[in-house]
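*Asks:* I'll drop the sequence and a predicted model, then ask my questions.
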Number of protein chains: 2
Amino acid sequence: MADEPPSILPDPLTKELRDRLCGVVGDAWVIVDADRLLAYESDGLTAYRRTPRAVVLPKSTDEVSHVLSILSQEGIPVVPRGAGTGLSGGALADGDAVVVGTARMTSMLSLDPDNRLARVQPGMINANLTKAAEPFGLYYAPDPSSQSACTLGGNVAENSGGPHCLKYGVTTRYVTGLTVVTYDGEIVELGGFGRERGGYDLLGVFVGSEGCFGIATEIEVRLLPKPEGVRTLLAIFDRLEDAGTAVTEIMAEGLLPAALEIIDGPTIRAVEASVFAAGYPTDAEAALVVEFDGIEAGLAGDVERAVAQCSRAGAREVRTADSAEERLALWSGRKKAFGAMGQIANDLMVQDGTVPRSKLTEVLGRISEIGARYDLTIANVFHAGDGNLHPNLLFDRSNEDEVARVNRASKEIMAVCVEAGGTITGEHGVGLDKRRYMSLVHGPDELDAMRRIKWVFDPLGRMNPGKVLPDGPDDGKEAP
Amino acid sequence: MADEPPSILPDPLTKELRDRLCGVVGDAWVIVDADRLLAYESDGLTAYRRTPRAVVLPKSTDEVSHVLSILSQEGIPVVPRGAGTGLSGGALADGDAVVVGTARMTSMLSLDPDNRLARVQPGMINANLTKAAEPFGLYYAPDPSSQSACTLGGNVAENSGGPHCLKYGVTTRYVTGLTVVTYDGEIVELGGFGRERGGYDLLGVFVGSEGCFGIATEIEVRLLPKPEGVRTLLAIFDRLEDAGTAVTEIMAEGLLPAALEIIDGPTIRAVEASVFAAGYPTDAEAALVVEFDGIEAGLAGDVERAVAQCSRAGAREVRTADSAEERLALWSGRKKAFGAMGQIANDLMVQDGTVPRSKLTEVLGRISEIGARYDLTIANVFHAGDGNLHPNLLFDRSNEDEVARVNRASKEIMAVCVEAGGTITGEHGVGLDKRRYMSLVHGPDELDAMRRIKWVFDPLGRMNPGKVLPDGPDDGKEAP
């Protein structure tokens, strides 16, 4: 993006260093060829591109520990990486850094249905954990939209959410233990068997630390019993504000939906113009997906009350789903929204801000005004129940002027969220992209405390340097 | 207790210092008289007694900040204190330290029903928050047994749980923002309006830091809609193991009760012999309280399935409650257990360990064996669904030999919990009492990381010194 520093050209590893790394993980798993490194030059936020010096793919905690020992002896910075589906540039490495990826660490280590706990390697795909737990009537609750691709290690790093975190909460609520390798190769156990082990919450502060504290090589999580029943409804509105009103009224009723998602008009039209067409009316200005889960007997009443609130708020049509197939159909517009936008625009800048639920309508109006002013298409898909907005700015990276306008509009959108009492990220993390906004929400004392917390885990400042904390003299530097 | 150091005699404040403190909070709120200091010499774990140098009771964030500035200029250690209902000696001050209490900071600062958020002063009593939220159909979920006396500030310090945290989780899930004053009097804002603000989770690591990082002077919490209905049942068992089996089977059914509590035979007999008699049969060896809440229509089915599991596990009697009065009656034996034990024993050492739910029966057997071996009465009241045990060791502090046996038995109980894959505290915190067990569950690297995390907030080591971290050369000392 416009604020990007000039790209640093990768500095090849010496033969001796390469041999040592190959000795740990095997020749096939040390990647140094320029064409193979291309796959690692960006993450889900494709506006940023960086080429790492090399990529190493270990298989176990011990291998990660050996790899980090070798790299730290040489003083080489390390960037951890899961599936690369992140949306803040958090897994990108400058040319002086080596990416340590978890792609080969996909095993289930243990599944304990009696205590509803699973222990997995960090490269396991989110959806595969639920698949493995299903025979026991259990599932893993946090469900990022990328759940069929993203890894649990990445989820831990970003403290990921998802549509159902309105009712079920984000990743940190489910992580009960971690095995962590720090930059110098040391293996540390945090928590285990029900989180709270006494003492300060090291586990809690590691979750969401965006790969800046170390690499989680084993992850223990809490599983939940599958809800007995699920009901989904889709309400179509002619005005976005009315969908916002429906959300407020559903919550005011004392209902607690599992998910409350809004797709705005531009997104509906993008979806319907794509191969993912979901049968949403293209002249509508908002579609609201409401889902309830829980005990079968209670669901009909919940759906009835929510339908009534949607109608009262002005919905022109409400569809309900009872079967799993019908549910998937109602969800498809929401789930495929990002893919659809990728088809109609060359590039996409996904923003991620939160606002108090009561300010949703006001803030959406201001975002739409910003889009008009900068002559940009902004499509909104968002977790309305949580007040977590995802404005998507469509653009073409070859158009320099458009890139500049996207940058300025993004900055204004963040400022609007903060002004409304919200913040700069709901679930995508800070990474590379949001560092410049950190001082909008954190004072210098707080940023300084964050810097010192990083030093507790990474005193040399070489684990995922240049992420999260804003530019400053100490950025990516050693503890004093 | 046997491991206690000799008591340090309080060193009176100079007149000049006293005048400066009185100038901030008013003469009435600086306590230095020996007889008035007596009220602060212990907390809910009465086995420990220490007399503070003085007690200061500020009224606002600004007053706390001024008081701490003055004390830190003099290098005087500070111990924060809420209602003093804690069960780990965490709010006790040696004679060189001044207690800063929150007893006058009881105000509701804001209540925002639309966003289901409340902002309160730390001295507000837990139950009063729910009372204030009730007119809006909302409540505050974490409910320690002491909820009619304990404060939200204390709950934040200890990351408190309660019977309903099986379904609803502990304090950290509900805290979305804090205003914090650090030892040098600095005021720092952490989070606010929905926790995740981007960057490392300073808010999360502050919750549960047991008053060692600073004083929370404003607390923002999430409220929940009151469940539509509640059903409670009480099952009576002739064997404690059978109650344990019922717990396992209820969870294996995929049910998620709001609470699953066991009261053992000795506790039942203590309750029935006290003024709190609840009508539990005194020849029983366990009473299991099961509670479900949620949508009215689903509750009957849940209760039916739980009753069936209790009967199958060998319950000789199952009572159910539909009305609020009947519910209170079923709960009374559980809620009054601690009070009742206080009536039959001079002193009480409440332990607090957790074990994987599947190990409950085995561990209870070993605890009973430890009690027999040391000739001690051990009564168990516990959050069975969470595997959180509360063995209560009854004793008389004037009997030196008995005190020594209580100490040895406590240590063995902790070791048994850890050996079973559990830990040394579920919800009472480490405080003074559990420091000696910290190395059972944390390696030296982890303890060192905790020490360094404390330094981030309290580099001089003067905020609640001598708590949480085990004795060591750095204990309560300055960051290097």
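*Replies:* Noted; the coordinates are in hand.

*Asks:* End to end on stretch A:223-230, go ahead and measure it.
*Replies:* With CA to CA, to the nearest Å as the measure, stretch A:223-230 spans 18 Å from end to end.

*Asks:* hang on, A:G44 packs against A:S146?
*Replies:* Yes - the pair A:G44 and A:S146 passes the contact test of CB atoms under 8 Å, sitting 7.1 Å apart. (Each C-beta comes from the backbone N, C-alpha and C, glycine too.)

*Asks:* Spit out the residues that contact the two alike.
*Replies:* A:T85 (CB atoms under 8 Å, 6 or more residues apart in numbering or on different chains).

*Asks:* And A:K167, its phi and psi?
*Replies:* Per-residue torsions, A:K167: phi -90, psi -40 (degrees, to the nearest 10).

*Asks:* looking at chain A, which helix or strand does the model trust least?
*Replies:* Across the helices and strands of chain A, the lowest-confidence element by mean pLDDT, DSSP states H and E is helix A:337-344, at a mean of 83.

*Asks:* A:G153: what's it in contact with?
*Replies:* The neighbourhood of A:G153, defined by CB under 8 Å, 6+ apart, consists of A:80, A:82, A:102, A:105, A:121-123, A:215-216, A:219.

*Asks:* What of A:L38?
*Replies:* Applying CB under 8 Å, 6+ apart, one finds that A:L38 lies in contact with A:T51.

*Asks:* Okay, it and chain B: tell me how far apart.
*Replies:* Here A:L38 is placed at a distance of 30 Å from chain B (CB to the nearest CB, to the nearest Å).

*Asks:* same check, this time on A:R366
*Replies:* A:R366 sits 17 Å away from chain B, going by CB to the nearest CB.

*Asks:* Please apply the same query to A:R18.
*Replies:* Distance, A:R18 to chain B, by CB to the nearest CB: 30 Å.

*Asks:* Quick check: which element contains that residue?
*Replies:* Here A:R18 sits within helix A:15-25, counting by DSSP states H and E.

*Asks:* and that helix, which residues are buried?
*Replies:* Using 16 or more other CB atoms under 10 Å in any protein chain shown as the burial criterion, the residues of helix A:15-25 that qualify are A:17-18, A:20-21, A:24-25.

*Asks:* now stretch A:93-112
*Replies:* By 16+ other CB under 10 Å, the buried positions in stretch A:93-112 come out as A:93-94, A:96-106, A:111-112.

*Asks:* Could you identify the most distant pair in those?
*Replies:* Of all pairs drawn from the buried residues of stretch A:93-112, the greatest distance, 42.2 Å, lies between A:D96 and A:D112 (CB to CB).

*Asks:* Helix, strand or coil: sort out whichever residue of the stretch 1-150 of chain A sits closest to chain B for me.
*Replies:* Taking CB to the nearest CB as the measure, the point where the stretch 1-150 of chain A comes nearest chain B is A:D114, at 4.1 Å. In terms of secondary structure, A:D114 is coil; the call rests on DSSP: H, G, I helix; E, B strand; the rest coil.

*Asks:* Now that we're looking at it, what pLDDT does it have?
*Replies:* In the predicted model, A:D114 carries a pLDDT score of 87.

*Asks:* where are the low-confidence patches of the stretch 51-200 of chain A?
*Replies:* The stretch 51-200 of chain A contains residues with pLDDT under 70 at A:193-196.

*Asks:* domains in chain A, as residue ranges please.
*Replies:* A:1-226, A:229-419 (automatic domain parsing).

*Asks:* and the longest helix seen in chain A, anywhere near chain B?
*Replies:* Taking residue count as the measure and DSSP state H as the definition, the longest helix of chain A comes out as helix A:400-419. No - using CB under 8 Å from any CB of the partner chain, we find that helix A:400-419 stays clear of chain B, coming within 9.4 Å at best.

*Asks:* buried residues in whichever helix or strand comes after that helix?
*Replies:* With elements assigned by DSSP H and E, the helix or strand that comes after helix A:400-419 is helix A:438-441. Judged by neighbour count (16+ other CB under 10 Å), helix A:438-441 contains these buried residues: A:438, A:440-441.

*Asks:* Spell out for me which residue occupies the centre of chain A.
*Replies:* With distances taken as CA atoms, centre = their mean, chain A has A:H428 as the residue nearest its mean C-alpha position (3.8 Å).

*Asks:* ok, now which ones touch that one?
*Replies:* With CB under 8 Å, 6+ apart as the criterion, the residues that contact A:H428 are A:86-88, A:158, A:350, A:352, A:434.

*Asks:* No more questions from me, cheers.
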